[in-house]
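from the sequence below, what's the structure:
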Amino acid sequence: MKSVHFGAGNIGRGFIGKLLADAGIAVTFADVDEQVVSLLKSLNTYNVKVVGSECKTEVVSGVSAINSTSDELVTVLSETDLITTAVGPNVLVIIAKTIAQSLALRFDTKNEAALNIIACENMIRGTTFLKKEVYKHLDEKYHEQTERLVGFVDSAVDRIVPPSESNDPLEVTVESFSEWIVDEQQFKGEIPVIDGMQKTDNLMAFIERKLFTLNTGHIMTAYLGALVGHKTVKEAIDDEAICAQVKQAMQESGEVLIKRYDFDRDSHSAYIEKIIGRFANPYLHDEIDRVGRQPIRKLGENDRLIKPLLGTIEYGIANDMLLKGIAAAFKYQNSDDPQAIELQTSLVSIGFIATLAKYTGLAPESDEAIKIEKLYLAMD
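This is a model prediction of the structure:
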């Protein structure tokens, strides 16, 4: 079985690409980083440092790479069995045209084999989003074949992959925990057997469990940690006061999951404790500025802070700590992050309430907006 994985960065090499290669699938990475592409093409192998209760190095082999801008990529894509991505939502829009061109070539050359496409991104229904973008570039005459032969499979992914501290440009550091859950109802043809890829017919429950727990807790740790000058996630979560607040926020969002999906309370409490333990992993030097970057995206109504807050409003659940985390997001400053700069500029030019409404969609006159403003002002 052949696959093409868009994105040869840390997540691509350390998570999805590794699982595919470990399953015996031939992996070709597509990326614009010419150094990484050249090394993967010449060496066909790289190391992954897996850190948990212990630290070990695993070797990934049998891989290759191609530059994403190469004319040959369309041909390679037209002949593959599986396409995966780990590039970020903004880049999905860019690669959609290339995927559309490959589908046209695939069908013009009478290739009727099933193809599955899985966007492994930190977004809800990322593959469904990618499908819409692909169709913008795909001639209508190919739509019937695409619907019949191409599975656009949504997924939820969870693995902390901090920047590697190795001098080896291909080595990646990952935590031992990983979770890749796919919607089994969306595949075309036979579902590939990949150890570490879990199938479900209720993907949204897992998507929101990860978003409301890992992502919410991670960003809360970063923004609350930044307020008191911590530099890494571990430093912040080791701060007892911050740890207690992060845990409370995840309990608030967890109540939404329990109401919405009938999650077992004890099991979810154990899941929260596992997440906190992951943040405290001594081998993961995860910088707060890496986790906290792009605050505008993370304040979106379908993302890790506002979406669980809306759930607490829907079910009438306490949300004091989620409100504090949102207020802390507006305090986040990073001169190297265009979104952080834009957010701070907006606060100066139009004020807090208008900025809050602009980026979160919360009504300016709502009780939540008023509470968030009070919390924000109290942080001065």
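
wait, what's in contact with the residue nearest the centre of the chain?
Nearest residue to the geometric centre of the chain (CA atoms, centre = their mean): N122, 2.0 Å. N122 makes contacts with G88, P89, V157, N215, as judged by CB atoms under 8 Å, 6 or more residues apart in numbering. All C-beta atoms are positioned from the backbone trio N, CA, C, and that covers glycine.

tell me the secondary structure at the closest residue to the second one other than its chain neighbours.
What sits nearest to P89 in space, not counting adjacent residues and going by CB to CB, 6 or more residues apart in numbering, is M123, at 5.2 Å. The three-state label for M123, taken from DSSP: H, G, I helix; E, B strand; the rest coil, comes out as coil.

M123 reaches L130, doesn't it?
No - counting by CB atoms under 8 Å, M123 does not reach L130; the two are 9.8 Å apart.

looking at the two, which is more packed in?
Comparing M123 with L130 by other CB atoms under 10 Å, the one with more neighbours is L130, at 27 against 21.

quick one, what contacts the residue lying closest to P282 once chain neighbours are set aside?
Spatially, and ignoring its direct neighbours in sequence, P282 is nearest to K234 (6.8 Å; CB to CB, 6+ apart). By CB under 8 Å, 6+ apart, the contact set of K234 is F279, A280, N281, P282, L284, H285, D286.

can you do 10 Å?
Residues in contact with K234 (CB atoms under 10 Å, 6 or more residues apart in numbering) are T221, G225, F279, A280, N281, P282, Y283, L284, H285, D286, E287, I288.

next one: V91
Applying CB under 10 Å, 6+ apart, the residues near V91 are F6, G7, V32, S68, T85, E121.

ok, back up a step: and for M123 and L130, which residues touch both?
What both M123 and L130 touch, as defined by CB under 10 Å, 6+ apart, is the set P89, L92, D154.

and those residues, which of them are buried?
With burial judged by 16 or more other CB atoms under 10 Å, the buried subset of the shared contacts of M123 and L130 is L92, D154.

among the shared contacts of M123 and L130, name the ones in strands.
Using DSSP state E, no member of those sits in strands.

the contacts of V91: which two are farthest apart?
The largest distance within the contacts of V91, taken as CB to CB, falls between V32 and E121 and amounts to 17.2 Å.

which of those two has more residues huddled nearby?
For the pair V32 and E121, the greater number of neighbours falls to E121 (23 against 15), based on other CB under 10 Å.

can you tell me the closest non-neighbouring residue to that one?
Per CB to CB, 6+ apart, closest to E121 is P89, 6.0 Å.

count residues in the vicinity of V37, would you?
What V37 shows, counting by other CB under 10 Å, is a neighbour count of 20.

in what helix or strand does it lie?
V37 is part of helix 34-43, with elements assigned from DSSP states H and E.

pLDDT of that helix, averaged?
Across helix 34-43, pLDDT averages out at 97.

list of residues touching that helix?
With contact meaning CB under 10 Å, 6+ apart, helix 34-43 is reached by 8-9, 12-13, 17, 27-31, 33, 45-46, 60-61, 63-70, 168-170.

at 7 Å what do you get?
For helix 34-43, the surrounding residues in contact (CB atoms under 7 Å, 6 or more residues apart in numbering) are A8, F29, D31, V63, S64, A65, I66, N67, P169, L170.

same check on stretch 187-197?
The list of residues contacting stretch 187-197 from outside it, by CB under 7 Å, 6+ apart, reads 1, 19-20, 22-23, 82, 114, 116, 149-151, 153, 178, 180, 182, 184, 199.

again, only using 6 Å
L19, A23, A114, N116, L149, G151, V153, W180, V182 (CB atoms under 6 Å, 6 or more residues apart in numbering).

buried stuff in stretch 353-367?
Within stretch 353-367, the residues scored as buried using 16+ other CB under 10 Å are I353, T355, L356, A357, Y359, T360, L362.

any idea how far that stretch is from the chain center?
On the basis of CA atoms, centre = their mean, to the nearest Å, stretch 353-367 sits 25 Å off its chain's mean C-alpha point.

what does stretch 336-343 give?
Centre-to-centre, stretch 336-343 and its host chain are 20 Å apart (CA atoms, centre = their mean).

quick one: buried residues of that stretch?
Of all the residues in stretch 336-343, those buried under the rule 16+ other CB under 10 Å are D337, Q339, A340, L343.

show me which of those is closest to L138.
The closest of the buried residues of stretch 336-343, once distances to L138 are taken by CB to CB, is Q339, at 31.2 Å.

for this structure, which segments count as strands?
2-6, 26-31, 45-51, 55-61, 63-67, 82-85, 115-119, 150-153, 155-158, 172-175, 179-183, 197-200.

correct me, but E252 touches N319?
Yes - under the criterion of CB atoms under 6 Å, E252 makes contact with N319 at 5.3 Å.

which residues are in contact with each of these two?
Here E252 and N319 share the contacting residues T312, scored by CB under 6 Å, 6+ apart.

check the gap between Y271 and V32 for me.
As for Y271, its distance to V32 is 37 Å (criterion: CB to CB, to the nearest Å).

now do the same end-to-end measure for stretch 170-180.
Using CA to CA, to the nearest Å, the end-to-end distance of stretch 170-180 comes to 22 Å.

what does stretch 151-164 give?
Using CA to CA, the end-to-end distance of stretch 151-164 comes out at 34 Å.
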